[in-house]
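[1] Next come a sequence and a model predicted from it.
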Amino acid sequence: MLAEERRQKILELLKQEGRVIAKDLSELFEMSVDSIRRDLTIMEEQGLLQKTYGGAISRSSNPKVRTLPQPESQRYGEGAPHQNAISKLAASYIKQDDTVYIGGAGIQYGMLKYLPTDIPFTVITNSMKIAALIRMQENITSYLIGGKLRAESAGSMIDILAIEMMNKFTLDIGFLTGGGVSGDGISTATPESGAFARTVAQVSRKNICLAPHEKLGQQMFITSTPIETIDFVITDQAAPERAIQEIRKRNVDIIFADEEENGSEIDEMD
């Protein structure tokens, strides 16, 4: 098979599946993984796809820097396999007697079904949705950050009152996320949410960024948390290679969640 024919086949697979894995392509075409990655590099330079840590995904256009929050039915749904893998790995870092921050984003909501049930720990949240789901758990001591209720925020408080209250705490871990994660840091659509996330990062001894591949390499309206304040980023195998390189240049570790190891879940909270 000629190189152009092979690359056309890769594009067809990409259109069908949404992403391709270099290892799978090497087996399909009976070529080395290095040769496949050279193909993917050439195709990326031609603007045909976007290379990832393990293969490639369709080339996506940059989203608007300011977007409205997703409806609760979408934000708090089942979650895609790669998102659940990130949420599960994040929850595994919670140890006995830890005090942690979990916000109201979909990837943070996904952590709830993986929270440890056999150890005591404390959760600080500014999300009424999160608070309602964890308040009856015997092993979890929970605190809800107060502030102005906003219809468009899915019940998350981020105003000056919330920031002042958050500033009174000291946390073991802040689980952070945003609309974009890049070499510059975590970014979001509004100054208020940016300021609140920045406060969480400042009062946390360890900051863990939850970054599904669709958020990596994106830059939203406001940078909330410089990447240097993050201890490590959890992403998935479809993470864009260039975004990974930019973050690593800032001496921030990247951890990849494995979808195949996402089988054993604890029961959903009532």
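    That came in fine, so what should we check first? Just so it is clear, the structure is predicted and the values come from calculations on it, not from any experiment. Residues are numbered from 1 along each chain as shown.
[2] So which residues of this structure form helices?
    3-17, 22-29, 33-45, 72-75, 81-91, 106-109, 128-134, 160-166, 191-203, 241-249 (DSSP state H).
[3] for those, which one sits closest to Thr225?
    helix 191-203 (4.7 Å; Cβ to Cβ). Yep, even glycine has a C-beta here, placed from its N, CA and C like the rest.
[4] picking up where we left off before, nearest to Val233, of the helices of the chain?
    The nearest among the helices of the chain, by Cβ to Cβ, is helix 241-249 at 6.1 Å.
[5] Near Phe232, how many other residues are there?
    Neighbourhood size, Phe232 [other Cβ atoms under 10 Å]: 14.
[6] Please name the residues that touch the closest residue to it other than its chain neighbours.
    Using Cβ to Cβ, 6 or more residues apart in numbering and skipping the chain neighbours, the partner closest in space to Phe232 is Asp253 (4.0 Å). Residues in contact with Asp253 (Cβ atoms under 8 Å, 6 or more residues apart in numbering) are 231-233.
[7] Model confidence for Asp253, exactly?
    Model confidence at Asp253, expressed as pLDDT, equals 96.
[8] With Gly183 as the reference, measure out to it.
    14 Å (Cβ to Cβ, to the nearest Å).
[9] Repeat that for Pro120.
    For Pro120, the distance to Gly183 - Cβ to Cβ - is 37 Å.
[10] and what of Ile145?
    Using Cβ to Cβ, Ile145 is found at 29 Å from Gly183.
[11] ok, now Gly174?
    For Gly174, the distance to Gly183 - Cβ to Cβ - is 20 Å.
[12] So between the two, which is more surrounded?
    Gly174 (29 against 17).
[13] residues contacting the residue nearest to the more buried one when sequence neighbours are not counted?
    Sequence neighbours aside, Ser204 is the residue nearest to Gly174 in space, at 3.3 Å (criterion: Cβ to Cβ, 6+ apart). Ser204 sits next to 101, 171-174 when contact means Cβ under 8 Å, 6+ apart.
[14] what bridges to Ala257?
    Beta bridges link Ala257 to Asp236, judged by DSSP bridges.
[15] Please identify the buried residues of stretch 131-142?
    Within stretch 131-142, the residues that qualify as buried are 131, 133-134, 137, 140, 142, counting by 16 or more other Cβ atoms under 10 Å.
[16] so can I have JSON lines of the residues you listed showing distance to Phe29 and pLDDT?
    Listed next are the buried residues of stretch 131-142 as JSON lines, based on distance: Cβ to Cβ, whole Å; pLDDT from 0 to 100:
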{"residue": "Ala131", "distance to Phe29": "51", "pLDDT": "95"}
{"residue": "Leu133", "distance to Phe29": "47", "pLDDT": "93"}
{"residue": "Ile134", "distance to Phe29": "49", "pLDDT": "94"}
{"residue": "Gln137", "distance to Phe29": "50", "pLDDT": "91"}
{"residue": "Ile140", "distance to Phe29": "50", "pLDDT": "97"}
{"residue": "Ser142", "distance to Phe29": "52", "pLDDT": "97"}
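[17] Which of those lies at the shortest distance from Tyr93?
    Ile140 (15.5 Å).
[18] So the closest one versus Asp118, what's the distance?
    From Ile140 to Asp118 the distance is 12 Å (Cβ to Cβ).
[19] And Gly18, by the same measure?
    37 Å.
[20] Settle it for me: which of these two has more neighbours?
    Gly18 (10 against 7).
[21] still on that earlier bit, from the contacts of Asp253, pick the one nearest Pro191.
    So of the contacts of Asp253, ranked by how close each gets to Pro191 (Cβ to Cβ), first place is Val233, at 23.1 Å.
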